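Kindly generate the corresponding structure for this input.
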Amino acid sequence: MGFENILLVKRAPLAVITLNRPNVLNALNAATLLELAEAVEDLAADASVRVILLTGAGPKAFAAGADIAELAGLDAETGRAYAERGQAIFRRIETLGKPVIACVNGFALGGGCELAMACTLRLASETARLGQPEVKLGVIAGYGGTQRLPRLVGGGAALKLLLTGAIIPASEALRIGLVDEVVAAEGLMVRAEALALEMAANAPIALRRTLTAVDRGLDMTLEDALAAEAREFGACCGTADKGEGTRAFLEKRAAVWTGN
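The predicted model follows:
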C-alpha cells in the first residue's frame, strides 16, 4: 500500500505502523488519519499479523497533537464531525481484536496522547512527554481524551491534566498509570518487539476474545461482565486452537496455532 504520511512494515507475526511527518512532529492531520485507518483495516484482515506496534518517526515525537491549521478552520458543525471521525478511527484501533502497542517516543500531546490511549498498551521512552493541552487552544480533548484518560488514571488525575493542560514526563505518566512501562529511548522498539512477540506466541483467537471481554466488561456490571466472560471462554473451548493448546501442553511441546 502506498502511503505519504505513514510507514507500514509487516514482519509476521508483527507489523509496525510509523507516523511519518517528523518535520511537524508527526501531527495528526486529516490525511494522516485517513492513511492510519486504511493501514489498520489492512492489518485487521491479515491473519499473519498478530500484534501491531505503533510509533512516530524521529526522536522528538510520537504525535504532537492535531494539525492546528486544520483546527483553526473548524466551526461548531465541522468541529463535531472532525471529532467523530477521529473517535471512530481510534475506536477501531481499540477494538481491532489484535493487541496494538503504542511506542511513545518524545511528545504525545493532544490527539497523539489520545491515540496512545486507544492502544492496548503504552510503552514510553524516558524522554517521552504526554499531555492533553487542548484547553490552552480553547477546545477540549475531542478524540476520546475526556473518556479514556479517567478510565486509565482515575477521575482526579485525569481532570488535573485535562483542566491544566499540563505536559508530564514519562516517569509521572508511569506513576499515574497513563503508560505501562518506561524504557531507555534506544531500547524502546526492542522492548516493544519482545513484548509483542510474547503476545504473538499465544493463540490468536484467545487474544481476540480476551480483548473483547475486557473492553465490553468495563461498561457492564460485574455480574453481566462475568456472564460475558463465560460466553467468551465457552467460545474458545469450541475452537481447534483450544484442542491444540491443551494437547501441546500435555505433550510438552510448543503449540502450533491455526486461528481456528
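
And the residue nearest the centre of the chain?
Cys119 (1.3 Å; CA atoms, centre = their mean).

Is that one in contact with Leu53, as I believe?
No. Cys119 is beyond contact range of Leu53, at 9.4 Å (criterion: CB atoms under 8 Å). Every residue, glycine included, has its C-beta placed from N, CA and C.

list residues touching both of those two?
Residues touching both Cys119 and Leu53 (CB atoms under 8 Å, 6 or more residues apart in numbering) are Val100, Ile101.

circling back to that earlier point, what sits against the nearest residue to the residue nearest to the centre of the chain once chain neighbours are set aside?
Leaving aside its sequence neighbours, Cys119 sits nearest to Ala102 (CB to CB, 6 or more residues apart in numbering; 3.9 Å). Contact analysis of Ala102 by CB under 8 Å, 6+ apart lists Leu54, Thr55, Phe62, Ala108, Leu115, Ala116, Cys119, Leu121, Arg122, Leu123.

Not counting stretch 234-246 itself, show me its contacts.
Ala203, Pro204, Ile205, Ala206, Arg209, Ala255, Val256, Trp257, Thr258, Gly259, Asn260.

From these, which land in helices?
Under the assignment DSSP state H, the contacts of stretch 234-246 contribute Pro204, Ile205, Ala206, Arg209 to helices.

Skipping its backbone neighbours, what lies nearest the first one in space?
Right, the one you point to is Pro204. Gly259 (4.7 Å).

same check, this time on the last one
Once its chain neighbours are removed from consideration, Arg209 has its nearest residue in Glu232; the separation is 4.3 Å (CB to CB, 6+ apart).

same question, the third one
Nearest residue to Ala206 in three dimensions, chain neighbours excluded: Cys236, at 5.7 Å (CB to CB, 6+ apart).

burial count for that neighbour?
Neighbour count for Cys236, taken as other CB atoms under 10 Å: 17.

avg pLDDT for the strand or helix carrying it?
If you go by DSSP states H and E, Cys236 is part of helix 222-237. Mean per-residue pLDDT for helix 222-237: 96.

How far away from the center of its chain is it?
24 Å (CA atoms, centre = their mean, to the nearest Å).

ok, Leu162 - contacts?
Counted by CB under 8 Å, 6+ apart, Leu162 has contacts Gln132, Glu134, Val135, Ile140, Ala141, Gly145, Thr146, Leu149.

Assign a three-state SS to Ala124, would you?
strand (DSSP: H, G, I helix; E, B strand; the rest coil).

Read off the pLDDT value for it.
98.

Now do the same contact list for it.
By CB under 8 Å, 6+ apart, Ala124 lies in contact with Val104, Asn105, Ala108, Leu130, Ala170, Ala173, Leu174, Val179, Glu181, Val182, Val183, Leu188.

for this protein, what spans make up the strands?
Residue ranges of the strands in the chain, as given by DSSP state E, are 6-11, 14-19, 51-56, 61-63, 100-104, 107-109, 121-125, 129-131, 167-169, 181-183.

right, and the ones you listed - which one's nearest Leu161?
Nearest to Leu161 among the strands of the chain is strand 129-131; the distance by CB to CB comes to 6.2 Å.

what lines up beside that closest one in the sheet?
According to DSSP bridges, strand 129-131 forms sheet pairs with strand 107-109 (parallel), strand 167-169 (antiparallel).

Ala27 - nearest residue in space that isn't next to it in sequence?
Nearest to Ala27 is Asp67, by CB to CB, 6+ apart, at 4.9 Å.

and that neighbour, what does it touch?
By CB under 8 Å, 6+ apart, the neighbours of Asp67 are Val24, Ala27, Leu28, Asn29, Ala30.

run the last query once more with 7 Å
By CB atoms under 7 Å, 6 or more residues apart in numbering, Asp67 lies in contact with Ala27, Leu28, Asn29.

how's the protein carved up into domains?
The chain breaks down by automatic domain parsing into domains covering 6-200, 204-250.

So which of these is the most surrounded?
Mean neighbours per residue, mean count of other CB atoms under 10 Å, is largest over the domains of the chain for domain 6-200, with a mean of 19.
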